[in-house]
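Participant: okay, here's the prediction I keep looking at, along with the sequence it came from:
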Amino acid sequence: MLEKTNVKTLDKVVVRFSGDSGDGMQLAGNIFTNVSAGVGNQVSTFPDYPAEIRAPQGSLGGVSGFQVHIGTNVHTPGDKADVLIAMNPAALKQNVKHLKPGGVVIVDIDSFKEADLKKALFETADPFKELNLNAQVVEVPVTSMTKAALAESGLDNKSVLKCRNIFALGLVCWLFDRPLEAAMHHLKNKFARKPAIYEANAKVIQAGYDYGSNIHASVSTYRIESEDIRSGHYTDINGNTATAWGLIMAAEKSGRPLFLGSYPITPATDILHELAKRKDLGVKAVQMEDEIAGVCSAIGASFAGNLGVTSTSGPGLALKSEGIGLAVMAELPLVVIDVQRGGPSTGLPTKTEQTDLMQALYGRNGESPLVVVAPASPTDCFTMAFEASRIAIEHMTPVILLSDAFIGNGSSAWRIPDDDEYPAIKPHYVPEELRATWRAYQRDEESNVRYWAIPGTEGLTHRLGGLEKDFVTGAISTDPANHEKMVYVRKAKIEKIANDIPELEVLCDADADTLLVGWGGTYGHLYTAAQELCKEGRKVAFAHFRYISPLPRKTREVLSRYKKVICAELNTGQFADYLQSKFAGLEVKRINKVQGQPFLVQEVVDGVKKFMDEK
C-alpha cells in the first residue's frame, strides 16, 4: 500500500510533465495548474515545446514538457522538479537533468520496451541505471491501465491512447491531494462538445487517482501550503491571453474600438486567436496576408479613430519597421506587440530570448523615437498591454510591448480586477476652443502631444503621411530648419512621457552596495535570486525595468547609489549597453544567457556572488 504517512509538507513544489509532443502534456499540466490555483496555491508555469512540428514518435527531438511550480511565494516555474512524469524513455532522458536529487520519477513502464529504448538512443536495457538516476522511481503501467479503464467505452485504440495523459494527471492529483472534482470540471469544459470523450477521460482520471491509492510502493507524497489571498475571482492565465484582455480593457476605458491587424507567427499567434473570439466585445481582429499588411491595417485603423494594434515576434517586427516609422511620423497611437523568440532569422521559434531590445529601440530609419515597455510576468502582460495602450492614445505615439515566449506561453494565477482598478484613458482630442483654427500637427505646448482628430468630425478635415510636415501648418515641408525642429519635438514628446510613468522601485535590501537589475520577463527569476541572496546574508538590492523608453525618472539617481550594478538578461548584454549609453560613467556588470531557455535562479545567484566577491 502506498502509505500517506510518508508525507512531506512543503511551502512549494515543482512538477514536470513530459512526453511526446502528441501525448497531451500541456493539457495535463494546464489542468493541474488550474486545480492548484483553485485551492489557493500561487502558480507559475513553463511550457517547453519542441521546435520540430512533429518529430518521430519516441525520439529525443519530439519531447514536449510542461513544468509548474505551486505553493507560496512562487515567482518562477522552479529550477528543478520534485516530481517528473515521463511517458516514454525519450522524455526521461531529455528531462532527467531537470530533476532534483532524490525526487520522484513516475514512468509509463508500458512504453519502456526494447524498441522504445532504442528510439531514445539508450545503449542498455536498464535506462535508470544508465542515467545514474538518483530518484524514487515509480513504474506505472499507464498504457495498459488506461486501456483497461476504457475497455467497454467503444473508443478505438487511437482514441484510448490519447487518454494516457489524463491517467497520469489522476495519479499526480492523488500524489498532491488535489481535489478530483475540480479536475473533472476542467475536463468537462475542455470537452463540452464531445461528451463521449469527456466520459472517457473522467473514467481514466478516476482510475489514475485510484491507482495511486492502491499500488504497493514507497514514495514521498506531498502537502503543499496555501496562503491567504485577496478575495476575488481567480483564474490561471497565460501571458498572451492576458495581453489580449489588457487590450480589451484599454479599449473599454478609452471609449475607442479595438482593431488588431496581425499575421500568425510563433509564439504570438494566441493573441490573434483570443481577440478573434471577442466580437461580442466589439473587437475587430483581422488576419492579414503578411506582417507588413498587419501593421499598415492597424495604422489605418488608428487614423480612423481606433486603438490600432498589431502582434508579432522578432522576424515580423523587422518587417513592420517601415510601417512603424510611418506611425512615428504621422504621430498616431499604435501598439506593436513583440512576443520575443530565439533568433536571428527564424531561429528558435518555440524558445525564449530577450534579443529584440535594440531592434525595438532603434530598428527604424532616421530619428524615429517611440515608447518601449516590457511586462514582467504572465499576469503583468494584462497591466502592461493596458499601459501600452494608454500611453499610445494619450501621447499619440507608437508603443512597442516587448513580451517573450516564456511569459507569453507561461501562466500564473490571476485575480480578475474590478472595473475601478484601472483608470480612464483620455484620448488627446482636439479641444472645442481650437477647432476653428486647428491644424493637423498642432500640439499641446506642455506635453508636445499632437491632437487627435477623428475622421468624419465636422471641421477637422486633414491629411497625414510619411513626408515631413511643417511645424505650424502641417503641410509637407522640406525646409532643413523645420525638419530639425520636428525631429527634436518628436524626441521631446517621448522624453516627457517619463513624467507619466511610475518611478523605479527598489526591492530587497535598498541599503546594499550591490544592485541587481533586469527587465521584462526575467523578473521572477531575478527577484527570487535576490531574495535568496539576502537570506544568505548577502546585501543585494533589486530593481526591475518595465518602462524602457523612456526610462523612469530618477533612474540615474537610483543607479548611482550603488557601487556595483549587475544586469541579468537573456541576450549578450543589450540592456546593459543601453544603460551605459544613457548614463556616462556607469559600469554595468553582466550575467547573460542565450540558450533559448529562461534563467535558473541558481545561475543568477552564482553570477551575482561572483561579482560581489571581486575586489
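Facilitator: Perfect, thanks for sending it. Every value quoted in this text rests on a predicted model; they were computed, and no experiment measured them. Numbers count the residues shown, from 1 in each chain.

Participant: C-alpha only now, for contacts and for neighbours.
Facilitator: OK.

Participant: mind naming the longest helix for this protein?
Facilitator: helix 195-214 (DSSP state H).

Participant: pretty sure Gln597 contacts Lys351?
Facilitator: Yes - in terms of CA atoms under 8 Å, Gln597 counts as a neighbour of Lys351; the distance is 6.4 Å.

Participant: compare the two and say which is more crowded by neighbours.
Facilitator: Comparing Gln597 with Lys351 by neighbour count (other CA atoms under 10 Å), the higher total belongs to Lys351, at 24 against 17.

Participant: surely that one and Ser313 touch.
Facilitator: No - in this structure, Lys351 is not within contact of Ser313 by CA under 8 Å, at 11.5 Å.

Participant: quick one: common contacting residues for the two?
Facilitator: Here Lys351 and Ser313 share the contacting residues Arg341, scored by CA atoms under 8 Å, 6 or more residues apart in numbering.

Participant: roughly how far does the residue nearest in space to the middle of the chain sit from Thr522?
Facilitator: To find the centre residue of the chain, average its C-alpha atoms and take the closest one (CA atoms, centre = their mean): that gives Ile407, at 1.6 Å. Ile407 sits 9 Å away from Thr522, taking CA to CA, to the nearest Å as the criterion.

Participant: which neighbours do the two share?
Facilitator: Taking CA under 8 Å, 6+ apart as the criterion, Ile407 and Thr522 both touch 376-377.

Participant: so Leu187 makes contact with Glu199?
Facilitator: No - shown here, Leu187 and Glu199 do not form a contact pair, counting by CA under 8 Å, at 9.3 Å.

Participant: more neighbours, these two?
Facilitator: Set side by side, Leu187 and Glu199 show unequal neighbour counts under other CA under 10 Å, the larger going to Leu187 at 21 against 16.

Participant: how much space between that one and Asp380?
Facilitator: When CA to CA is applied, the distance between Leu187 and Asp380 equals 27 Å.

Participant: what sits against the residue in the chain sticking out farthest from the centre?
Facilitator: For the chain, the C-alpha lying farthest from the average C-alpha position belongs to Ala436; by CA atoms, centre = their mean, that distance is 46.9 Å. Under the criterion of CA under 8 Å, 6+ apart, the neighbours of Ala436 are Gly459.

Participant: in which helix or strand would I find it?
Facilitator: Per DSSP states H and E, Ala436 falls between elements, in no helix or strand.

Participant: and the pLDDT for it?
Facilitator: As summarised for this prediction, Ala436 has a pLDDT of 92.

Participant: give me the contacts around the helix or strand hosting Phe32.
Facilitator: Secondary structure here is read from DSSP H and E; on that basis Phe32 sits in helix 25-38. Counting by CA under 8 Å, 6+ apart, the neighbours of helix 25-38 from elsewhere in the structure are 16-19, 42-43, 45, 47, 64-68, 70, 165-166, 169, 173, 178-179, 182-183, 186-187, 234-236, 413.

Participant: buried residues, stretch 200-210. List them.
Facilitator: The neighbour-count criterion (16 or more other CA atoms under 10 Å) identifies 200-209 as the buried residues of stretch 200-210.

Participant: hmm, I was thinking of stretch 51-71
Facilitator: Of the residues in stretch 51-71, 51, 55, 57-71 count as buried by neighbour count, 16+ other CA under 10 Å.

Participant: need the CA coordinates for that stretch. CSV is fine.
Facilitator: Backbone C-alpha positions of stretch 51-71 (Å, rounded to 0.1, in the frame of the first residue of the first chain) are rendered in CSV as follows:
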residue,chain,number,x,y,z
ALA,A,51,11.0,23.2,-32.1
GLU,A,52,10.0,20.4,-34.6
ILE,A,53,6.5,20.4,-35.9
ARG,A,54,6.2,16.7,-35.2
ALA,A,55,9.4,14.7,-34.7
PRO,A,56,9.2,10.9,-35.0
GLN,A,57,7.3,9.3,-32.1
GLY,A,58,9.5,8.4,-29.2
SER,A,59,12.5,10.4,-30.5
LEU,A,60,14.6,12.8,-28.4
GLY,A,61,13.7,15.7,-30.7
GLY,A,62,10.0,15.3,-30.2
VAL,A,63,9.8,15.6,-26.4
SER,A,64,7.4,18.2,-25.0
GLY,A,65,7.5,19.4,-21.4
PHE,A,66,5.3,21.4,-19.0
GLN,A,67,6.7,22.5,-15.7
VAL,A,68,4.6,24.0,-13.0
HIS,A,69,5.7,25.5,-9.6
ILE,A,70,2.9,25.6,-6.9
GLY,A,71,2.9,26.8,-3.4
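
Participant: the closest residue to Val506 other than its chain neighbours: what secondary structure?
Facilitator: Spatial nearest neighbour of Val506, excluding adjacent residues (CA to CA, 6 or more residues apart in numbering): Ala543 at 4.8 Å. In the three-state summary, Ala543 is assigned as strand, counting by DSSP: H, G, I helix; E, B strand; the rest coil.

Participant: pretty sure the residue nearest to the centre of the chain contacts Ala374?
Facilitator: No - under the criterion of CA under 8 Å, Ile407 is not in contact with Ala374, lying 10.8 Å apart.

Participant: residues shared between the contacts of the two?
Facilitator: When contacts are counted by CA under 8 Å, 6+ apart, Ile407 and Ala374 are jointly contacted by Gly521.

Participant: where do the helices sit along the stretch 351-500 of the chain?
Facilitator: Defined through DSSP state H, counting those that start in this stretch, the helices belonging to the stretch 351-500 of the chain, from first to last, are 357-362, 380-395, 405-409, 480-495.

Participant: how far out from the middle of the chain is the first one?
Facilitator: Read it as helix 357-362. Using CA atoms, centre = their mean, to the nearest Å, the mean C-alpha position of helix 357-362 is found 19 Å from that of the whole chain.

Participant: what's the answer for the second one, then?
Facilitator: Taking the mean C-alpha point of helix 380-395 and that of its whole chain, the gap between them comes to 16 Å (CA atoms, centre = their mean).

Participant: same check, this time on the last one
Facilitator: With CA atoms, centre = their mean as the basis, the distance from the averaged C-alpha position of helix 480-495 to the chain average is 35 Å.

Participant: sort out which residues of it are buried, please.
Facilitator: 483, 486-487, 489-491, 493-495.
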